[in-house]
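S.K.: Build me a structure from this.
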Amino acid sequence: MARRVSCPTLIGRTAELARLDAALAQARDGSSVLLFVSGDAGIGKSRLVETFTARARENDVLVFSGACLDLAEGAAPYAPFVAALRPLADELSGDELAHVLGEARQELGALLPELCGSPTSRHDRTERGRLYELALGLFRRMAALRPAVLVLEDLHWIDPASADLLAMLGGNLRHAGLVIIGTYRSDEVPRDHPLHNIALEMERSGRAERIELTGLSVEEVTAQVTGILGTEPATRQTRSLFDRSEGNPFFVEELLAAGPTRTELTASLRDVLLTRVERLAPATGQVLRAVAIIGRGGDEELIGTVTGLPAGELEAALQEAVSHRLLIVTGDGYDVRHALLREALHADLLPGRRNRLHLAVAEALADKNVPAESARRWYAAGHRPEALAGFGAP
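M.R.: You can find the predicted model right below:
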């Protein structure tokens, strides 16, 4: 069984960590900063924020952290704020807590149910507006005690009420001495996602900044693996890990945990990659699996022939896959965005389905005058005579 491995120190991210430190310095001077930390799943958003908040706590900074829940599980309103503020009583003295809560303690029940009791049953616009004003006051008074950091994780699952409150805080807490950090998977926030418009508008207006995490370099992957193994790996091993993971730290860990001789993906890595596919329309999953078989540069005509989807349904599926950053456009064609996702899609196909897809590609290429590629497809489909004829065998 593969075991999880993890580097004991944060690798790379020097500039990103410096930006977070600068935000805290701004908070100490009385300014508020809203930062969005985005990137693909496994890219290291939480690790970066955890490193920053650990240092902040060592310097007597109030740190509160909460996470959004997967909407499939039925996220309650204000879930990340409730989770973040739950330890408020443990972080503050009795007098400090009374001051932070203010005179409207009972009205804050939606955000602090354990301290303020159950919220009222009304949910109209007036009540929400009142709650948001009270929340502004709460965070202002909290940050006035000493610099404070509010971390909201997994904003790609944010509930509508929390999204509205975040926008309210971002637009009205310019001089409160508060750092708000929101993390989200950029590959799960397409253009029609509520967070996309909120983040974009805040960034355009200068009320927020975005830190986009990308993959580690070859040198940084080497440092990561060295930290895990305790010794510097062979250049060949590092290069293989880098090429397959494309510098994603979590992918590096999973591939390393699987062992140097194992080529198949671990179950946990496969689940991370395929869960996003399973949430999309069935036709989109069909298109993704077809593109994984076709390979780089498969155009819309070829994909349509292989999948058998009508033109309108095919176009909608391609658009969904591109908007969710699972497919990329390569000239006139398409390709699966990440090499490991292609591997996961390919491995997820049953042998019969895989052979039929290769056969469909081979038949579609029959009139394209690409004998070598056509022969390769016939061979993958298990049609040896056609493959040998394509390779020019007598």
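S.K.: where in the stretch 151-300 of the chain is pLDDT low?
M.R.: 260-263 (pLDDT under 70).
S.K.: ranges for the strands of it?
M.R.: Applying DSSP state E, counting those that start in this stretch to the stretch 151-300 of the chain gives strands spanning 178-185, 209-212, 298-299.
S.K.: And for the shortest one, what's in contact with it?
M.R.: Residues from elsewhere that reach strand 298-299 (Cβ atoms under 8 Å, 6 or more residues apart in numbering): Ala290, Val291, Val306, Asp332, Gly333, Tyr334, Asp335. For every residue, glycine as well, the C-beta is placed using N, CA and C.
S.K.: Heading C-terminal from that strand, find the next helix or strand.
M.R.: The C-terminal neighbour of strand 298-299 among helices and strands, as given by DSSP states H and E, is helix 300-307.
S.K.: Buried residues in that following helix, which are they?
M.R.: For helix 300-307, the neighbour count (16 or more other Cβ atoms under 10 Å) marks Leu302, Ile303, Gly304, Thr305, Val306, Thr307 as buried.
S.K.: repeat for stretch 351-365
M.R.: Arg354, Leu357, His358, Leu359, Ala360, Val361, Ala362, Glu363, Ala364, Leu365.
S.K.: Can you get me the start-to-end distance on stretch 258-266?
M.R.: 6 Å (Cα to Cα, to the nearest Å).
S.K.: just how off-centre is stretch 264-276 within its chain?
M.R.: 14 Å (Cα atoms, centre = their mean, to the nearest Å).
S.K.: Please apply the same query to stretch 160-172.
M.R.: Worked out by Cα atoms, centre = their mean, stretch 160-172 lies 21 Å from the chain centre.
S.K.: Now do the residue nearest to Asp192 when sequence neighbours are not counted against Val189, distance only.
M.R.: Once flanking residues are discounted, Asp192 sits nearest to Ser323: 7.4 Å by Cβ to Cβ, 6 or more residues apart in numbering. The gap separating Ser323 from Val189 is 10 Å, by Cβ to Cβ, to the nearest Å.
S.K.: swap in Pro233?
M.R.: Pro233 sits 34 Å away from Val189, going by Cβ to Cβ.
S.K.: Got the confidence number for Ser121?
M.R.: Ser121 is assigned 52 on the pLDDT scale.
S.K.: related to what we said a few turns ago, distance to Glu133 and pLDDT added to the buried residues of helix 300-307, as TSV?
M.R.: Shown next, in TSV, are the buried residues of helix 300-307 (distance: Cβ to Cβ, whole Å; pLDDT from 0 to 100):
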residue	distance to Glu133	pLDDT
Leu302	57	86
Ile303	52	90
Gly304	54	90
Thr305	59	87
Val306	56	87
Thr307	52	90
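S.K.: Go through those residues and name the one nearest Leu155.
M.R.: The nearest member of the buried residues of helix 300-307 to Leu155, counting by Cβ to Cβ, is Ile303 at 32.4 Å.
S.K.: Now for the residue nearest to the closest one when sequence neighbours are not counted, how many residues are close by?
M.R.: Excluding the flanking residues, the one nearest Ile303 by Cβ to Cβ, 6+ apart is Ala290, at 5.6 Å. Close neighbours of Ala290, defined as other Cβ atoms under 10 Å, add up to 25.
S.K.: mind listing what Ala290 touches?
M.R.: Gly298, Ile303, Val306, Thr307, Leu357.
S.K.: mind listing what the most centrally placed residue in the chain touches?
M.R.: Nearest to the geometric centre of the chain sits Arg185, at 2.1 Å (Cα atoms, centre = their mean). The neighbourhood of Arg185, defined by Cβ under 8 Å, 6+ apart, consists of Ser38, Gly39, Asp40, Ala41, Lys45, Asp154, His156.
S.K.: How about the contacts made by the closest residue to Ala380 other than its chain neighbours?
M.R.: Distance criterion Cβ to Cβ, 6+ apart; nearest residue to Ala380, sequence neighbours excluded, is His358 at 4.0 Å. Shown in contact with His358 (Cβ under 8 Å, 6+ apart): Ile293, Arg377, Trp378, Ala380, Ala381.
S.K.: who's in contact with the residue nearest to Arg337 when sequence neighbours are not counted?
M.R.: Counting by Cβ to Cβ, 6+ apart, Ile328 is the residue found nearest to Arg337 once chain neighbours are left out, at 4.9 Å. By Cβ under 8 Å, 6+ apart, the contact set of Ile328 is Val322, Tyr334, Asp335, Val336, Arg337.
S.K.: Note down every partner strand of the helix or strand hosting the second one and its orientation.
M.R.: What it means is Tyr334. Using DSSP H and E, Tyr334 falls within strand 333-336. Sheet pairing for strand 333-336, assigned by DSSP bridges, gives strand 298-299 (antiparallel), strand 327-330 (antiparallel).
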